[in-house]
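Novice: The following comprises the amino acid sequence and a computationally predicted model.
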Amino acid sequence: MFQSTLVLIVLFSITYRWSISMNSYSGQAKPKMFGDYEAQRHWMEITFNLRINDWYRNTSDNDLNYWGLDYPPLTAYHSFLMGYLADSIDPSFVKLHESRGLENEKHKLFMRLTVLVFDLLIFFPSVVLILNQMFFKLNATNEQNNDKRSKKDDLAQKSDYLASLFFILLNPTLVLIDHGHFQYNSISLGLMQLSFYFSLSYKSTKSIKKLNTMRLMFCAFFFCLALNYKQMELYHALPIFFFLLAICLKSNIFSYGLFLLTIIGSTVIFTFGILWYPYLNEGFDSVTQVLIRIFPIKRGLFEDKVANLWCSLSPILKLKQNFASENLAKISFVITVIFNLPSSLNLLFKPSRQCFLLALIISALTFYLFSFQVHEKSIIISTVPACLLVNFYPQLVSWFILIANFSMLPLFIKDGLILPFITTSVLFNLIVYVYYHSKKLESGDRFWLCLTQLAPQKFSKFNEKIFKLLYFMSLSGMLVLTVCSLAIRPPQNLPDLWTLLICVYSFVHFIFFLCLFNLIQLTLKNNDLIITEKEAEKSHRLFFNFESILTEKKKIL
């Protein structure tokens, strides 16, 4: 029953993705620049036809003003592979110069299939591995020190595993951007989730030192791959760094910890060295040219309309006009670091798997809100780790996903993806609500996040009502802005009115979520600290206990 349900979930997720891909894509029938679909196709054309050292250079055959390659080398290698495959199917797909703006059903089928295949090869397995780690392997380790679980508990655990898998694969933000708008985010995010998996696999026991070393080495390796596919994976860099550093410190930094640190550092250097070798071999100028393309300071503070601090303030302060890009880059860097410090330091001094997963969301959301050169699509980098916690905070996560999807509404309107946007948003939140609401009613746990332990117990119901009110007010606001964007033309002197209101509205929500996730992490009862072997033998604690002063969970799966 479990395996058959698992297969059905995977098949439904594939069908779900393919149904989205039947719609229009970014820039369809919109010359002369088209959109991200053409950008990905153009990169295949450039990498397949030109020398590797010309991929990032402006030449007569490579006009960088027309979708010049601006992602790290692994994306370029992937584009070359896809270009080679495209040429074997139909040379017109990647014919130099002549293929520019190519649009036909055969090519669309090829492009859509490549996204789906890499989803199945990288993203799906990474999700399964992490959930196996969270629901089965860690709990199985704990069962050795506890009574046998009842069949009812075992069924409940499997049910929650399948539900979590289903909801993660349904994530509308990722599916709409990759299979609707058209990008390959599932590759970098899948690689990053493999890094998460190996970091979560670490166990502080002396008997498996070699295995632990391999786990941390693979954690660093997959992180480097993800970062070298898309530089936005820097959004997850701080939690990865502080969690691995905390493990090294807890493992005695002057002996085994120093050895681990050396292995991790060597893995990073080796992986970067291999991926960047063609450019390192050409010299400093070649490396500099790639870095300039990857980190384009001159492009400005943000792209289009983004639901972050800078876009929200720009109509008032005119940031782009009144400040130099270099100064804005420095200011945004400092603010991003400051807002990341509480979560990062908490992870360093109280390292636990729960804190690590929460810190991933916090770091990605902080980068999105305050860093330099942010795209509206970058919000998906925080929604993917958030989905991993849907079983622990169903209402908070589903609400966050809904707002994240809503923040990209102007993009979906431009791409002609209104119907997929509405259906995926409603489907995801409705299924999450129905499953977890019925489950929590049966177990007696509260479904709504409420500040029950920050106030006297007699105010718990009142606090819950406040959160329900905020939630339904939020839904109402999204509904009104969606209708206005679709049905009411903005004033001629304010053409971006609805877009800007959506950005500001979403930004306020993201600040609210950032505060909540920080509060949850900082008040978490860390029940799986990286402790010594002797302490572990005395401990009967569960690994994934997400109790905090914000929740009333009395039972851990």
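Specialist: Ah, there it is.
Novice: Can you report how many residues neighbour I338?
Specialist: For I338, the count of nearby residues is 11 (other CB atoms under 10 Å). (C-beta placed from N, C-alpha, C; glycine too.)
Novice: State the helix or strand in which the residue sitting nearest the centre point of the chain lies.
Specialist: What sits nearest the mean C-alpha location of the chain, by CA atoms, centre = their mean, is I381, with 2.4 Å. Taking DSSP states H and E as the criterion, I381 maps to helix 380-387.
Novice: between the next helix or strand after that helix and helix 380-387, how big is the angle?
Specialist: Next helix or strand after helix 380-387 toward the C-terminus (DSSP H and E): helix 394-407. Relative orientation of helix 394-407 versus helix 380-387 (axes from the mean of the first three to the mean of the last three CA atoms, to 10 degrees): 160 degrees.
Novice: Give me the contact list for the helix or strand harbouring K330.
Specialist: Assigned by DSSP H and E, K330 belongs to helix 325-349. Residues outside helix 325-349 that contact it (CB atoms under 8 Å, 6 or more residues apart in numbering) are 238-239, 242-243, 245-246, 249, 297-301, 309-310, 319-320, 323, 355-356, 358-359, 362-363, 366-367, 369-372, 514, 518, 521-522.
Novice: let's see it at 7 Å
Specialist: Residues outside helix 325-349 that contact it (CB atoms under 7 Å, 6 or more residues apart in numbering) are 238-239, 242-243, 245-246, 297-298, 300-301, 319, 355-356, 359, 362-363, 366-367, 370-372, 518, 521-522.
Novice: In PyMOL, how would I select just the buried ones from those residues?
Specialist: Buried residues within the contacts of helix 325-349, by 16 or more other CB atoms under 10 Å, are selected in PyMOL with:
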select buried, resi 238+239+242+243+245+246+301+319+355+356+359+362+363+366+367+370+371+372+518+521+522
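Novice: Out of the contacts of helix 325-349, which sit inside helices?
Specialist: With helices taken from DSSP state H, the overlap with the contacts of helix 325-349 comprises 238-239, 242-243, 245-246, 319, 355-356, 359, 362-363, 366-367, 370, 518, 521-522.
Novice: Pull out the buried positions in the longest helix anywhere in the chain.
Specialist: Identified as the longest helix of the chain according to DSSP H is helix 460-487. Neighbour-count burial for helix 460-487 flags S460, N463, E464, F467, Y471, S474, G477, M478, L481, T482, S485 (criterion: 16+ other CB under 10 Å).
Novice: relative orientation of it and helix 394-407 in degrees?
Specialist: Using the same axes, to 10 degrees: helix 460-487 against helix 394-407 is 20 degrees.
Novice: where does the stretch 151-300 of the chain have low pLDDT?
Specialist: Within the stretch 151-300 of the chain, the stretches with pLDDT under 70 are 151-153, 204-208.
Novice: if you set the cut-off to 90 instead, what comes out?
Specialist: Where the stretch 151-300 of the chain drops to pLDDT under 90, the residues are 151-160, 200-213, 247-257, 282-284, 296-300.
Novice: re earlier: relative to Q3, how far out is the residue nearest to the centre of the chain?
Specialist: 32 Å (CB to CB, to the nearest Å).
Novice: likewise L245?
Specialist: Distance, L245 to Q3, by CB to CB: 39 Å.
Novice: try C387
Specialist: Going from C387 to Q3 by CB to CB gives 22 Å.
Novice: same question, D160
Specialist: Taking CB to CB, one finds D160 at 16 Å from Q3.
Novice: what about the two, which has more around it?
Specialist: D160 (20 against 7).
Novice: Touching, that one and P394? I think so.
Specialist: No - D160 lies out of contact with P394 (CB atoms under 7 Å); the separation is 10.2 Å.
Novice: Could you name every residue contacting both of these two?
Specialist: Here D160 and P394 share no contacting residue, scored by CB under 7 Å, 6+ apart.
Novice: Point out where the stretch 451-557 of the chain drops to low pLDDT.
Specialist: Ranges of the stretch 451-557 of the chain meeting pLDDT under 90: 451-468, 492-495, 519-557.
Novice: which SS state does W67 fall under?
Specialist: coil (DSSP: H, G, I helix; E, B strand; the rest coil).
Novice: Could you check how many residues crowd around it?
Specialist: W67 has 21 neighbouring residues, counting by other CB under 10 Å.
Novice: same thing with the one 5 residues further on?
Specialist: Taking other CB under 10 Å as the criterion, the count of residues near P72 is 24.
Novice: Go through the helix holding K330 and flag the buried ones.
Specialist: Going by neighbour count (16+ other CB under 10 Å), the buried part of helix 325-349 is 325, 328-329, 331-332, 335-336, 339-340, 343-344, 346-348.
Novice: Then stretch 429-439?
Specialist: Result for stretch 429-439 [16+ other CB under 10 Å]: buried residues N429, V432, Y435, Y436, K439.
Novice: And for stretch 413-425?
Specialist: Buried residues in stretch 413-425, counted by 16+ other CB under 10 Å: I413, D415, L417, P420, F421, I422, T424, S425.
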